[in-house]
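**Q** Just to be clear, the model below is a prediction. Sequence and coordinates:
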Amino acid sequence: MFKNIAFFIGVSIFIFSPHSSHAQYGSKMVMIDASTSYDEVVMPEFFSTSVKIDNDDVPPEIPVISTVKFLKIPPLTGNRERVSRLIEGIGKDVPPEYDHYGYEIRRYMADSVNTRVFEDNEYLIEQIKNVRKAKVIASYWQKLLESEITEIEEMMANDGGIAFSVRTAFKQNKAMVRTFLISLNSWIDANENLLMYVLKDPNIYELLYPEIIIIDSTTRREFYNFYTVKQTKLIDIKIYTSFAMMIH
């Protein structure tokens, strides 16, 4: 499966250490408060000749998400950990080396609607490609999570000895995963839709940060709508601890 992803998007994403079966990372997992750790999401404002995308003239700092050497996930120690792992990289932070899907999605999405897309057509196209790479990775992650949920459901149906606390945790984590996947896909789609709209006629946008000057009223209104959806979906994805640093 991992080789298929790398082939599809044209880059080598997953790299495994020959000694990774001995990796330990449980002690590094922490929960963080996404509501207080990062800047709030600013909604756009519609004006007579422009769309204002920020509340000051200082662009947000783009998170630095470098490539990492991915390691093989350590073996499971039991049913409780298997259930807990469903939300790793979602509601639980996990070291980048073990976050094979979420980390790469964030890396490709980190700079997706940088204002440079309004000034550099090649950069705009590059960001569209990056968002589509993130979409491919998200689809593989979704398939993996849904497969794991199905297997755990079958296991619990056939094993009456599984603790009630584990069953309860599974219900909660399954609900979180499925809600997250909806938010994840909607967020990626909203970024792609906005970038594709700009690509239709990229030369009509003039950047005067924090405003995007758009003379044509129809285009300005449509751009505002696409940007509003993008920001709304950004709010939704930032609820999840691992995605709280995202700015686009």
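**A** Nice, I can see it. Numbers count the residues shown, from 1 in each chain.
**Q** which stretches of the chain form strands?
**A** For the chain, the strands defined by DSSP state E occupy 45-46, 50-52, 206-208, 211-213.
**Q** for these, which one ends up most surrounded?
**A** Of the strands of the chain, the one with the most neighbours on average (mean count of other CB atoms under 10 Å) is strand 50-52, at a mean of 20. Placement of C-beta: from N, CA and C, glycine included.
**Q** Return the list of strands paired to that one, each annotated with direction.
**A** strand 45-46 (antiparallel), strand 211-213 (antiparallel) (DSSP bridges).
**Q** Relative to the whole chain's centre, how far out is that strand?
**A** Using CA atoms, centre = their mean, to the nearest Å, the distance from the centre of strand 50-52 to the centre of the chain it belongs to is 26 Å.
**Q** For that strand, which outside residues touch it?
**A** Strand 50-52 is contacted by residues Pro44, Glu45, Leu208, Pro210, Glu211, Ile212, Ile213, Ile214, Arg220, Phe223, Tyr224, Tyr227 when judged by CB atoms under 8 Å, 6 or more residues apart in numbering.
**Q** And the helices in the protein?
**A** Ranges of helices within the chain are 2-9, 34-37, 79-85, 102-109, 121-158, 164-200, 217-238, based on DSSP state H.
**Q** Look up the closest residue to Glu222, ignoring the ones flanking it.
**A** Leaving out its chain neighbours, the residue that sits closest to Glu222 by CB to CB, 6 or more residues apart in numbering is Tyr197, at 6.7 Å.
**Q** shouldn't that neighbour be in contact with Tyr224?
**A** No: with contact defined as CB atoms under 8 Å, Tyr197 does not reach Tyr224; the gap is 10.8 Å.
**Q** More neighbours: the two, which one.
**A** More neighbours surround Tyr224 than the other of Tyr197 and Tyr224, with 20 against 16 (other CB atoms under 10 Å).
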